[in-house]
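Chemist: no sequence on this one, just coordinates:
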């Protein structure tokens, strides 16, 4: 433990803003006319949480022009009553949540309604069951409901900032304890301890700790390798605060490093700074941000080794829109939160 370190200290600012659930519901309803729908069935658990505030699982939302239903089973009735204000609870008592959700929609909307659904997170078996239960017109809303989450509200930005600050502090503590002689797995577990000590709900994803040539693996799995003097150690990690994720990648030097390592580090740093400088309202994730970062690495002669995207959005999911890659990119708007990690 470093001098003056207080394990009770939390990782970021207190969240004071409130989520605008009525506004989110209203924005979801605008999709009905845009997509030619009478209602949309929301099954993605992150979208369910975003639209309603419900933090549990095994729940769906049915959103119509004058309908707002949340359908779940008895394990979550009381939780819904505590967390959800803008949706009517429909008690799911059968064995098929999707069928019960369609039946609840039919009771409210009548027969023959056009229902939007989220095919991207649904198995083929689920789709067949949904089609049998509905018997009417189904339209895939693709990512349109999920994309409502792209521009963040102040309460979301506060939670994201708190999650990032928590990881920043935890990394400082763990690295200050020394890296040489510890295994990758030990460092990963130590980070998790710090996250819990500081009040995080958990990790955003399994931490990546990779020393030496292991760091060349983009998503390396921490193992028993011991960190040696002179190693570069890549740590890619994040924590969840208030449901929101952070995602921080840093490269640490375990003692003195070679000139070759320093040169590579400086190239990546220059690429990152170029990408960050390109992030602005109206910029395109592919044509501006990724191109700026990728251009630096290509000029340095390492373009062939840069196979992944430059960045992505972060929120309730650690990887979400907007995307900033050479193959997939989105137009950026004020209020979006994204990583830049070439």
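Modeler: Ah, there it is. Everything quoted here is computed from the prediction, not taken from an experiment.

Chemist: buried stuff in the longest helix seen in the chain?
Modeler: Counting by DSSP state H, the longest helix found in the chain is helix 154-176. Buried residues in helix 154-176, defined by neighbour count with 16 or more other Cβ atoms under 10 Å: 155-167, 169-171, 173-175. From N, CA and C alone the C-beta is placed, and that goes for glycine too.

Chemist: what about residue 105, how many residues nearby?
Modeler: When neighbours are counted by other Cβ atoms under 10 Å, residue 105 registers 26.

Chemist: where's it, which helix or strand?
Modeler: In this structure, residue 105 sits in helix 97-109 according to DSSP states H and E.

Chemist: name the residues that touch the helix or strand following that helix?
Modeler: Going down the chain from helix 97-109, the next helix or strand is strand 115-117, by DSSP H and E. Strand 115-117 is contacted by residues 31-32, 35, 37-41, 43, 102, 105, 127, 130, 134, 136-141, 145 when judged by Cβ atoms under 8 Å, 6 or more residues apart in numbering.

Chemist: ok, now with 7 Å
Modeler: Residues outside strand 115-117 that contact it (Cβ atoms under 7 Å, 6 or more residues apart in numbering) are 35, 37-41, 105, 130, 134, 136, 138-141.

Chemist: do stretch 215-230 as well
Modeler: With Cβ under 7 Å, 6+ apart as the test, stretch 215-230 has contacts from 179-185, 188, 207-212, 214, 232-234, 254-258, 308.

Chemist: what's the span of that stretch from first residue to last?
Modeler: One end of stretch 215-230 to the other measures 13 Å (Cα to Cα, to the nearest Å).

Chemist: report the buried residues of it.
Modeler: By neighbour count on 16+ other Cβ under 10 Å, the buried set for stretch 215-230 is 215, 220, 222, 225, 227.

Chemist: how far out from the middle of the chain is it?
Modeler: 24 Å (Cα atoms, centre = their mean, to the nearest Å).

Chemist: next one: stretch 75-90
Modeler: 24 Å.

Chemist: list the buried residues in it.
Modeler: With burial defined by 16+ other Cβ under 10 Å, the residues of stretch 75-90 counted as buried are 76, 80, 83, 84, 87, 89, 90.

Chemist: just give me the closest of these to residue 69.
Modeler: Comparing those against residue 69 with Cβ to Cβ places residue 90 closest, at 5.1 Å.

Chemist: for the helix or strand where that closest one lies, which strands pair with it and how are they oriented?
Modeler: Under the criterion of DSSP H and E, residue 90 resides in strand 88-91. Here strand 88-91 is paired, per DSSP bridges, with strand 68-72 (parallel).

Chemist: now the strand it pairs with against helix 97-109, angle please.
Modeler: Between the axes of strand 68-72 and helix 97-109, defined by axes from the mean of the first three to the mean of the last three Cα atoms, to 10 degrees, the angle is 150 degrees.

Chemist: what comes into contact with strand 68-72?
Modeler: With Cβ under 7 Å, 6+ apart as the test, strand 68-72 has contacts from 25, 52, 54, 56, 58-62, 80, 84, 86-90, 92, 97, 100-101, 104, 108.

Chemist: just stretch 292-307 next, same as before
Modeler: By Cβ under 7 Å, 6+ apart, the residues outside stretch 292-307 that reach it are 267, 270, 271, 272, 274, 275, 277, 278, 310, 326, 340, 342.

Chemist: quick one, what contacts the fifth one?
Modeler: By that I understand residue 274. By Cβ under 7 Å, 6+ apart, the neighbours of residue 274 are 292, 293, 296.

Chemist: quick one, grab the pLDDT at residue 18.
Modeler: Confidence at residue 18, expressed as pLDDT, is 89.

Chemist: and if you look at the one 3 residues further on?
Modeler: At residue 21, the pLDDT value in this model is 98.

Chemist: which residues touch it?
Modeler: By Cβ under 7 Å, 6+ apart, the contact list for residue 21 reads 52, 53, 85, 86.

Chemist: now intersect the residues you listed with the strands, please.
Modeler: Among the contacts of residue 21, no member falls in strands (criterion: DSSP state E).

Chemist: now the residues you listed in a markdown table, with pLDDT and distance to residue 249?
Modeler: Listed next are those as a markdown table, based on pLDDT from 0 to 100; distance: Cβ to Cβ, whole Å:
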| residue | pLDDT | distance to residue 249 |
| --- | --- | --- |
| 52 | 98 | 32 |
| 53 | 97 | 31 |
| 85 | 97 | 38 |
| 86 | 96 | 37 |
